[in-house]
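Q: Give me a 3D structure for the following:
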Amino acid sequence: MTIKRYNPDTVYQPVAAYYQNNEVPAGARWLVTAGQVGIDLGGDLVKDPKGQIKQTWQNVRAVVEAAGMTPDDIVKLTIFMTANAAEHLTYSREVRAEALDGAKPAATLVYVAGLADPDMVIEVDVTAAKA
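A: Purely as a prediction, here's the structure:
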């Protein structure tokens, strides 16, 4: 039982590292996370935007692994970035690729006016499935 991932020929091909479709087979175990942000293990929000982005992607990996899953089990990411962090999008994609070992789940990027803390620049929701 595996997750089927593909980009249909009937739609425009992604410009970033993701698949349009991730089909999860019946009987899979699901994980839906709370939004992950750039707070370190000590409870401090990383202030530097790039450092905060890196911490966020490390936290994404950590919550997935805590559930006994790997980045390959992630089927959907929703990424919220503040408009003032748009200049760091390329960096975020690089750090994401590293943190997720190149996994390419479906993804949606949304620019927002702000997050729960005015100093936050990114938040990531994760849906994963262990097939």
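
Q: Name the helix or strand for the residue most central in space within the chain, please.
A: For the chain, the residue sitting closest to the mean C-alpha position, by C-alpha atoms, centre = their mean, is Leu77 at 4.3 Å. Using DSSP states H and E, Leu77 sits within strand 74-82.

Q: Count the residues that sit near the residue lying closest to Thr2 once chain neighbours are set aside.
A: Closest residue in space to Thr2, ignoring its immediate chain neighbours: Ala131 at 5.4 Å, by C-beta to C-beta, 6 or more residues apart in numbering. Any C-beta I mention is one placed from the backbone N, CA and C, and that applies to glycine too. When neighbours are counted by other C-beta atoms under 10 Å, Ala131 registers 16.

Q: Kindly report the same for Leu109.
A: Using other C-beta under 10 Å, Leu109 is surrounded by 15 other residues.

Q: cool, and Trp57?
A: Trp57 sits with 23 neighbouring residues when counted by other C-beta under 10 Å.

Q: pretty sure it is touching Glu94, no?
A: No - assessed by C-beta atoms under 8 Å, Trp57 is found out of contact with Glu94, at 9.7 Å.

Q: Can you list the residue ranges for strands in the protein?
A: In the chain, the segments counted as strands under DSSP state E are 4-6, 21-23, 29-32, 74-82, 106-112, 122-130.

Q: Going along the chain, name the helices of this protein.
A: 49-66, 89-99 (DSSP state H).

Q: Just send those helices back as a markdown table, with mean pLDDT too.
A: Formatted as a markdown table, those follow (pLDDT from 0 to 100):
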| stretch | mean pLDDT |
| --- | --- |
| helix 49-66 | 98 |
| helix 89-99 | 97 |
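
Q: Which of these has the highest mean neighbour count?
A: Among these, the stretch with the highest mean neighbour count (mean count of other C-beta atoms under 10 Å) is helix 49-66, at a mean of 19.

Q: What lies in contact with it?
A: 31, 33, 36-40, 45-46, 70-71, 73-74, 77, 85, 88, 91-92, 95-96, 98-100, 120-124, 126, 128 (C-beta atoms under 8 Å, 6 or more residues apart in numbering).

Q: Thank you kindly, that will do.
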